[in-house]
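Enquirer: Next come a sequence and a model predicted from it.
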Amino acid sequence: MDRPIAIDVSSLSKTYDSHKAVDDLSFQVYAGEIFGLLGPNGAGKSTTLRTLITLLHPTSGTATVMGYDTVRDADKVRTVIGYVPQERAIDRFLTGREHLQLLGALYHLTKEEAAKRIAELLKLVELEAHADRPAKTYSGGMKRKLDIACGLLPDPKILFLDEPTLGLDVQSRLRIWEYVRMLKARGMTVVMTTNYLDEADQLCDRLAIIDGGKIKTLGSPVELKIALGGDIVSLTLKETGRIQPLVSDLTGRPAIKTVRATTKGLDIRVESPEKALPTILESANRLGCEIEFIQYNRPRLDDVFIAHTGRAITETPPDVESAS
């Protein structure tokens with residue numbers, strides 16, 4: 001049975017002057033799933049998201065949200081979505097409740113509707129006890145909860161989250177993850193951008209790896225890792241000066257798929273550790289490389305990212321723009 005489609009993006013591009021921020025993107029988001037756009041700063045994630053929520057017009061291509069075209073039917077799109085921006089739009093002197101009341105007025109909710117919805121949301125994000133305190137007294141995690149409550153106020157069918165846990169401590173991040181999972185359990189479709197590999201791995205039903213404005217690959221985290229194939233053998237060398245000679249020597253050897261230098265050693269993707277380890281150890285010994293530590297594991301999402309983009313997500317491309 002075909003799954004209902006909440007968002008349909010076809011050949012979407014966005015150009016600023018001569019810079020192509022988004023380049024010919026096509027993907028679909030199914031109703032009721034958590035869909036992620038994973039990539040580093042400057043990849044085109046936020047530009048894509050802002051186009052979907054009608055803040056930007058595409059240079060070419062189309063996108064529909066719940067069947068509504070984001071350009072022709074922008075007003076209708078806005079009635080079915082909620083948006084939590086990356087930059088917190090919080091007035092430090094207003095209380096949490098006052099933020100929601102102000103937003104309720106902007107959405108033209110009646111006082112009764114607003115009061116009922118605000119009470120529900122404050123309970124949902126566990127801010128009831130803090131609702132009448134000024135936002136300037138809130139922790140980073142509490143401010144993010146308030147952001148999410150604001151995004152949920154219009155009772156959207158689709159919630160867009162731009163870097164939902166950026167800058168938060170570990171405990172606050174885990175709490176936000178819980179809320180996102182809870183929204184999915186309630187039947188909401190969630191589209192999120194992130195540059196955190198663990199967040200994409202833990203939260204997203206499917207994700208698109210985006211880099212340089214292009215989608216490099218798309219699928220569930222499990223599918224992407226399985227498709228990569230092979231195990232990763234990681235070496236830590238005592239002398240970092242020996243890393244590059246070992247990379248060169250191992251590249252192209254039988255049973256070895258790819259070799260990548262890391263700050264302290266090598267990540268080697270192999271057909272199987274049993275076949276590749278003798279070759280790796282023989283080469284290291286012959287070149288006088290002293291191995292401090294060796295381990296192997298199944299492919300991780302960072303391995304998937306490296307395989308499709310040629311670099312780690314934390315490595316800045318030379319032509320990256322400041323806006324993502």
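Expert: On my side now, so go ahead. Keep in mind that what you see is a predicted model, and the values were worked out from it rather than measured.
Enquirer: where exactly do the helices run in the stretch 1-150 of the chain?
Expert: Using DSSP state H, counting those that start in this stretch, the helices of the stretch 1-150 of the chain run over 45-52, 74-78, 96-106, 111-124, 140-152.
Enquirer: which of these sits most buried?
Expert: Ranked by mean neighbour count, the helices of the stretch 1-150 of the chain are led by helix 45-52 with a mean of 24 (mean count of other Cβ atoms under 10 Å). Yep, even glycine has a C-beta here, placed from its N, CA and C like the rest.
Enquirer: list the helices and strands that one packs on?
Expert: strand 5-16, strand 19-30, strand 34-38, strand 60-65, strand 158-162, strand 189-194 (3 or more Cβ pairs under 8 Å, 6 or more residues apart in numbering; DSSP states H and E).
Enquirer: Minimum distance to Gly104: which of these has it?
Expert: Closest to Gly104 of these is strand 158-162 (Cβ to Cβ; 17.2 Å).
Enquirer: Show me what secondary structure element comes after that closest one.
Expert: Using DSSP states H and E, the helix or strand that directly follows strand 158-162 along the chain is helix 170-185.
Enquirer: ok and that next one relative to strand 158-162, angle-wise?
Expert: Relative orientation of helix 170-185 and strand 158-162, computed by axes from the mean of the first three to the mean of the last three Cα atoms, to 10 degrees: 160 degrees.
Enquirer: Okay, buried residues for helix 170-185 please.
Expert: By neighbour count on 16 or more other Cβ atoms under 10 Å, the buried set for helix 170-185 is 172-173, 175-177, 179-180, 183-184.
Enquirer: Who does the closest residue to Thr59 other than its chain neighbours form a beta bridge with?
Expert: For Thr59, ignoring the flanking residues on the chain, the nearest one in space by Cβ to Cβ, 6 or more residues apart in numbering is Thr15 at 4.6 Å. When bridges are called by DSSP bridges, Thr15 pairs up with Lys20.
Enquirer: Quick check: Thr15 touching Ala21?
Expert: Yes: contact criterion Cβ atoms under 8 Å: Thr15 and Ala21 qualify, at 7.0 Å.
Enquirer: Comparing the two, which residue is more hemmed in?
Expert: Ala21 (24 against 14; other Cβ atoms under 10 Å).
Enquirer: quick one: the more buried one from Ile291, how far?
Expert: 43 Å (Cβ to Cβ, to the nearest Å).
Enquirer: Give me the domain ranges for the protein.
Expert: Using automatic domain parsing, the domain parsing of the chain gives 5-224, 230-298.
Enquirer: The longest one - what's its average pLDDT?
Expert: The predicted model gives domain 5-224 an average pLDDT of 92.
Enquirer: So for Ile243, which of the helices of the stretch 1-150 of the chain sits nearest?
Expert: helix 45-52 (31.7 Å).
Enquirer: List the contacts of that closest one.
Expert: Helix 45-52 is contacted from outside by 7, 9, 12, 14, 21-22, 25, 37-39, 56-58, 63, 65, 70, 86, 160, 162-163, 191, 193-195, 210, 213, 323-324, using Cβ atoms under 8 Å, 6 or more residues apart in numbering.
Enquirer: so Lys225 is in which element?
Expert: Assigned by DSSP H and E, Lys225 falls within helix 221-228.
Enquirer: Pull out the buried residues from that helix.
Expert: 221, 224-225, 228.
Enquirer: Same check on stretch 57-70?
Expert: Buried-residue list, stretch 57-70, by 16+ other Cβ under 10 Å: 58, 61, 63-66, 68, 70.
Enquirer: Could you tell me the end-to-end distance of it?
Expert: Stretch 57-70 has its terminal residues 8 Å apart, counting by Cα to Cα, to the nearest Å.
Enquirer: what does it contact?
Expert: By Cβ under 8 Å, 6+ apart, stretch 57-70 touches 6-15, 22, 24-26, 51-54, 71, 76-77, 80-81, 157-158.
Enquirer: now do stretch 209-225
Expert: For stretch 209-225, contacts defined as Cβ under 8 Å, 6+ apart pick out 20-27, 37-40, 43-45, 47-48, 200-201, 204-208, 227, 298-301, 303-305, 308-309, 317.
Enquirer: out of the helices of the stretch 1-150 of the chain, nearest to Arg253?
Expert: Using Cβ to Cβ, these put helix 45-52 closest to Arg253, at 36.7 Å.
Enquirer: Could I get the CA-only coordinates of the closest one as PDB?
Expert: Below are the C-alpha coordinates for helix 45-52, written out as PDB (Å, rounded to 0.1, in the frame of the first residue of the first chain):
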ATOM      1  CA  LYS A  45      19.500  22.600   4.600                       C
ATOM      2  CA  SER A  46      18.000  25.800   5.900                       C
ATOM      3  CA  THR A  47      17.400  27.300   2.400                       C
ATOM      4  CA  THR A  48      15.500  24.100   1.600                       C
ATOM      5  CA  LEU A  49      13.400  24.400   4.700                       C
ATOM      6  CA  ARG A  50      12.700  28.100   4.300                       C
ATOM      7  CA  THR A  51      11.500  27.400   0.800                       C
ATOM      8  CA  LEU A  52       9.100  24.700   2.000                       C
END
